[in-house]
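# coordinates for the following, if possible.
(one chain, ligands or ions: 1)
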Amino acid sequence: MGALLCSDCSHAPEDVPAQPMSDSRGASRPVAPSGASKFLLQVKLFQRLPETELPTLASACEPKTFRSGDKVITEGDVGDAFYIIRSGDASVSVGGKEVAVLKQGDYFGENALLRDEPRTASIVAKSELQTYMISRTKFEEMGLREKLDFPQRKAVAGGAIKELEVKPPSPKTAEERKLMVQALRNNQNLQSCVSLDDKQVAVLVDAAWKETVPIGKELIKEGDLNADYFYIVQSGKFSISVTQTESQAQSANAAQAAAQSLGIVSAGGSFGELALLYFAPRAASVRAVQDSVVWVIDRKTFKSTLAKSAQDTVKDYVGYLDKVQVLAKLKPDEKEAVAKALTEMSFSKSEDVFQQGEAGDAFYILVEGEVAVIKDSTEQTRLKASGKEAPMFGERALLTKEPRIATITVTSETAKALVMDKETFEMILQPLDELNKRGKDAPSAVKKEPAVRPNTGSQKRFGNIERKHLKQLGLLGCGGFGAVELVEHVENGNTYALKALSKGYVVKSGMQQSVMSEKNVQLMCDSPFIVKLFETYNGSQTLYFLLELALGGELYATYNKKGLFGKEPHAKFYLAGVTHAFEHLHSKKIVFRDLKPENLLLNEHGKVKLTDMGLAKVIIGKTYTTCGTPDYFAPELIASTGHTHAVDWWTAGILLFELLSGHPPFESAYPMQIYQKVTKGIHKVAFPPKCRGPAEDLVRCLCKKDPSERLPMKKGGVANIKKHMFYKGFDWQAFQDLTMEPPYKPQVKSKKDMCNFHARKDDLPPQVPYKEDGTGWDKDFATST
Ligand code: ADE
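Now for the predicted structure:
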């Protein structure tokens, strides 16, 4: 439901008699006046239609009158119509409680024009209620869905290099400390997202500094990019305000919008908590209404406080490694590197961790549960993890691939082990047998950065296409940082997508490292399920990625325009592509971190390709930057305790839910509300009928709160998805061989046909002039000239 709460009623079509007109089936029906067009344009969904379509839209409006007490829509029912109130009042109730009253000019239910979605509230007429209604059938019959433009959801990127200002801590009295501890504990948003123990709260309190804010000063400005601090009010008062643009107001439902209205924060209160999680423009303005004093906590301190518990865990792990005989010759920093790269794996009762005779490739430290050691079908002993003891097995696998001499079977209900495989070990250090042969004075083998190995294949993959041979044909899309153009090679007629990033804008946003990482990650990839990189160019003002072209369009726009939500064969096909893409990326230790239908493209045959490596990163062990798209955030990203490749499998679960239901499971107009829902867990989510049965089970198995319990993170890996009931009968071999018929074939007439793209020039990111800064950050960017 989208209620226009601060509506300008002069746009509402009042008192104009409806005129009869024939509909497509020849029946006579009353129709809205053309004056409705102007009003309809205020509805967020309709702003995405070309203005020329407004008369058609207005003619789709049917006047509908309700008597006082009539139920217009019922909470929980699946909706297929949208309403605008022409006159009268309507009560909005959620769970039987009135949360808002809608008046002339307000509207509700625009999502119902796109998909089956249970109504989130009941609407009852409080007086005679005259409305205009548009049904989904009519909307589709008139071809309006196809004409809508679907803007992409933006990722939040935490990778900025920008140094934030951190002031020295101010002295504090016991009373002041108490106020701050209580303020941190009472901040519901913060409490529901991260878990802060008493020690961590004390660290934050220690680090805070004091600032005085004179009456009238705007401490936080809505939209400000300088958004790195959280504030606790020591004395005085602040008013919080949001300039709700009409479109913002319309995207929120009534209950949410009310919660977002103006408020006052006084002594003991706090605000700005989103800035602690990641870098994003401020969502509201905060002004001192009295001379005030605040305590300030910065994001860097907050994040490192949360990450500290992970560092303490690493110390415990080093303690375990100290007891492993084959690792005795490792230096302390080498053991620390191994400890950081250990991954957690979960097992269930009766599962074999490994079997006798199998080639060993990993070693295990049991940290929870109990296992039996079985040799030639006879149990030899049991190993049990306790607070003090963490038994190990399989360590010789780090030296050789010799067969396992026993089977290890879980005997407790569940078990958890830390795992290190030989390949990872050698990526962060060197082969163990070489390390063991070193002299005492040999330097440490810890590598600074994980090895980035471009995937060059047998042919020369880069340096073949020069930029001067490329001719621009048109705009395909606009991302957060750059535009994507369709280009043609003037000599051979091949077409490509050319993504351009303004160097000045990259530097201004502190994204130099992530752009270089994007290029390095792309160089490593070679999969039919990932958009290929052909070349990179470094111009004086612009960096360019020459990419594989996918003319079928974005999956997000395709789903919306073609109404594909809820179709199981489609969801299976696209999730299969994602599964293969992730398998490829993870085999190279790359975490993707930004899965969503906006980052999946279809080629001219309907084959799916993952695109946009802007947030992808090579990691061994954990990484700590909270980034991605809020609807797809995994709980560990929000908790800021470090994340691994397991975040990608969480996003795969969210994608499946969205493709089948038409919306992500943890949806809200406000990011903090999304995070609260994510933190509560998938078990609190009501699955709509189209996402039940095996699909629901797969979503639940992917969206486990504990990353090590997500289906592909368990023994068996990615094959666990392939074997899941949801994929019963699915021909994975044909899919992998690219011989499977795609469920949807886009219309693409030629290799220059851009009809599946509707990029708007006004969405282009800013071009910021660039002057060489002497740091040489971009010197290794280009593969060609
Ligand atoms: N390849 C990479 N990005 C693309 C885009 N936005 N459109 C079409 N093909 C692409």
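# ok, the helix or strand harbouring P569 near the ligand or not?
Element membership of P569 [criterion: DSSP states H and E] is helix 568-587. No - judged by Cβ under 6 Å from any ligand atom, helix 568-587 stays clear of the ligand, getting no closer than 13.7 Å. In this view, the C-beta of every residue, glycine as well, is placed from N, C-alpha and C.
# please state the offset of that helix from the chain centre?
Mean C-alpha position of helix 568-587 versus that of the full chain (Cα atoms, centre = their mean, to the nearest Å) differs by 16 Å.
# pLDDT of the next helix or strand after it, averaged?
Following helix 568-587 in sequence order, the next helix or strand is strand 590-591 (DSSP H and E). The predicted model assigns strand 590-591 a mean pLDDT of 96.
# direction included, what does strand 590-591 pair up with?
Within its sheet, and counting by DSSP bridges, strand 590-591 is paired with strand 617-618 (antiparallel).
# what's in contact with the partner strand?
Taking Cβ atoms under 8 Å, 6 or more residues apart in numbering as the criterion, the residues outside strand 617-618 that touch it are 449-450, 452, 517, 520-521, 524, 588-591, 593, 623.
# cool, stretch 307-317 as well?
For stretch 307-317, using Cβ under 8 Å, 6+ apart, the contacting residues are 197, 200, 203, 336, 339-340, 342, 365, 418, 622, 624, 640-642.
# CSV for the residues you listed, including secondary structure and distance to S540?
What follows is the contacts of stretch 307-317, written out as CSV (DSSP: H, G, I helix; E, B strand; the rest coil; distance: Cβ to Cβ, whole Å):
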residue, secondary structure, distance to S540
D197, coil, 51
Q200, helix, 47
V203, helix, 46
E336, helix, 43
A339, helix, 45
K340, helix, 40
L342, coil, 46
I365, strand, 53
L418, strand, 49
K622, coil, 38
Y624, coil, 35
S640, coil, 39
T641, coil, 42
G642, coil, 39
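# now the buried members of the residues you listed.
When burial is judged by neighbour count using 16 or more other Cβ atoms under 10 Å, the buried members of these are 200, 203, 336, 339-340, 342, 365, 418, 622, 624, 640-642.
# list just the nearest of these to the ligand.
Distances from those to the ligand were compared by Cβ to the nearest ligand atom; the smallest belongs to Y624, at 28.8 Å.
# gap between L113 and the ligand?
Using Cβ to the nearest ligand atom, to the nearest Å, we find L113 at a distance of 26 Å from the ligand.
# residues near P689, how many?
Applying other Cβ atoms under 10 Å, we find 12 residues neighbouring P689.
# tell me who's in contact with the closest residue to the ligand within the stretch 251-400 of the chain.
Proximity to the ligand, evaluated over the stretch 251-400 of the chain using Cβ to the nearest ligand atom, is greatest for A280 at 23.7 Å. For A280, the contact set (Cβ under 8 Å, 6+ apart) comprises V156, A227, L274, P671.
# cool, and K561?
With contacts defined as Cβ under 8 Å, 6+ apart, the neighbours of K561 are R145, E146, L148, F150.
# swap in 10 Å and give it another go.
With contact taken as Cβ atoms under 10 Å, 6 or more residues apart in numbering, K561 is in contact with L114, R145, E146, K147, L148, D149, F150, G553, E554, N756, H758.
# likewise P214?
Contacts for P214 (Cβ under 10 Å, 6+ apart) come out as G236, A288, Q290, D291, S292.
# now do the SS call for the closest residue to the ligand within the stretch 151-300 of the chain.
Closest residue of the stretch 151-300 of the chain to the ligand, Cβ to the nearest ligand atom: Q152 (10.3 Å). When states are read from DSSP: H, G, I helix; E, B strand; the rest coil, the local structure at Q152 comes out as coil.
# correct me, but it touches L555?
No - using Cβ atoms under 10 Å, Q152 makes no contact with L555, being 11.1 Å away.
# overlap in contacts of those two?
Overlap of the contact sets of Q152 and L555 (by Cβ under 10 Å, 6+ apart) consists of K596, P597, E598, N599.
# ok, so of the residues you listed, who is nearest L660?
P597 (12.0 Å; Cβ to Cβ).
# how many residues are close by the closest one?
Applying the criterion other Cβ under 10 Å, we find 22 residues in the vicinity of P597.
# can I get the contacts of K561 in CSV including neighbour count?
Output for the contacts of K561, formatted as CSV (neighbours: other Cβ atoms under 10 Å):
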residue, neighbour count
L114, 22
R145, 17
E146, 11
K147, 16
L148, 20
D149, 15
F150, 18
G553, 23
E554, 23
N756, 20
H758, 18
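# looking at those residues, which are in helices?
Judged by DSSP state H, the subset of the contacts of K561 located in helices is R145, E146, K147.
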